[in-house]
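Student: here is a sequence with its predicted model. Questions after.
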Amino acid sequence: MRPGRLAGELEVPLSTVNEWTRQLRFQRVLTSTPSGEFVDRPRLLQFYASTRVARLYPTATLRTRLRPSGLSQLLRRESIDHSLAMLAAANEWAFFEPRRRIELYVSRGDTRRVREVLPPGDNEVDVFWENPAELPIERRGPAVVTSAFLTIVDCRAHPEGGAHAHFLEQNVMGWSAD
């Protein structure tokens, strides 16, 4: 796809597309071949995960008795824009292992509101500042979660998420090991 068309479809300036294209070429994620452009998926995932590591740190750790989907339902009822993230989102995509910790994306100003509505309990909720309106999110049953692709990238960035990412890559996305 031509850069100008891509910029139009993404609704970003052409300079942004050119900047990302240069970065992806430099990282050997995107290469030109006689038959067109080639994307090295493992490198792409590694590169995106590396850009997320520096951004992903919990700004608050709260506690609740709710499980991830129940937490998401409560936040929707309270009109708090959110998304289950990382390992919590991975388990909504394809259950991998039981966890008592929930990762949650909310806008910067909503941490206080989340704290106010959570019923107390023993499950830890790591709250991360990410604007859910700017993220690719989807519904998985009653839960609002990051897209499968972003969940994979964020699981790769999470210190305990490698197995979750691999499981999603194979069982949700249907990617073979590269």
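Tutor: On my side now, so go ahead. Residues are numbered from 1 along each chain as shown.
Student: CA only for contacts and neighbour counts going forward, please
Tutor: OK.
Student: give me the phi and psi for the residue at the greatest distance from the centre of the chain.
Tutor: Going by Cα atoms, centre = their mean, the residue of the chain most distant from its centre is P34, 33.5 Å out. Note on P34: its backbone torsions stand at phi -60, psi -30 [degrees, to the nearest 10].
Student: and for the one 3 residues further on?
Tutor: Dihedral pair for E37: phi -80, psi 140, per degrees, to the nearest 10.
Student: tally of neighbours for it?
Tutor: Residues near E37, counting by other Cα atoms under 10 Å, number 11.
Student: bridge partners for it, pull those for me.
Tutor: In this entry, E37 is beta-bridged to S32, by DSSP bridges.
Student: all strands of the protein, in order?
Tutor: 30-33, 36-39, 60-64, 82-85, 101-106, 123-129, 137-140, 143-146 (DSSP state E).
Student: contacts only, for the closest residue to L62 other than its chain neighbours.
Tutor: Distance criterion Cα to Cα, 6 or more residues apart in numbering; nearest residue to L62, sequence neighbours excluded, is V125 at 5.0 Å. Listed by Cα atoms under 8 Å, 6 or more residues apart in numbering, the contact set of V125 reads 61-64, 101-104.
Student: domain ranges for the protein?
Tutor: For the chain, automatic domain parsing gives the domain ranges 3-39, 60-171.
Student: which of these sits closest to S50?
Tutor: domain 60-171 (6.7 Å; Cα to Cα).
Student: is the residue nearest to R101 when sequence neighbours are not counted bridged to anything, and to what?
Tutor: With sequence-adjacent residues excluded and distances taken as Cα to Cα, 6+ apart, R101 is closest to E124, at 4.7 Å. Listed by DSSP bridges, the beta-bridge partners for E124 are R63, R101.
Student: roughly how far apart are E124 and R63?
Tutor: 5 Å (Cα to Cα, to the nearest Å).
Student: what's the answer for I80, then?
Tutor: 17 Å.
Student: mind listing the helices for the chain?
Tutor: 3-10, 14-26, 41-53, 68-77, 86-93, 111-117, 148-157, 162-171 (DSSP state H).
Student: burial count for H166?
Tutor: If we define neighbours as other Cα under 10 Å, then H166 has 17 of them.
Student: got the contact list for the closest residue to it other than its chain neighbours?
Tutor: Counting by Cα to Cα, 6+ apart, the nearest residue to H166 once its immediate chain neighbours are dropped is I152, at 7.8 Å. Contacts for I152 (Cα under 8 Å, 6+ apart) come out as 86, 90, 164-166, 168-169.
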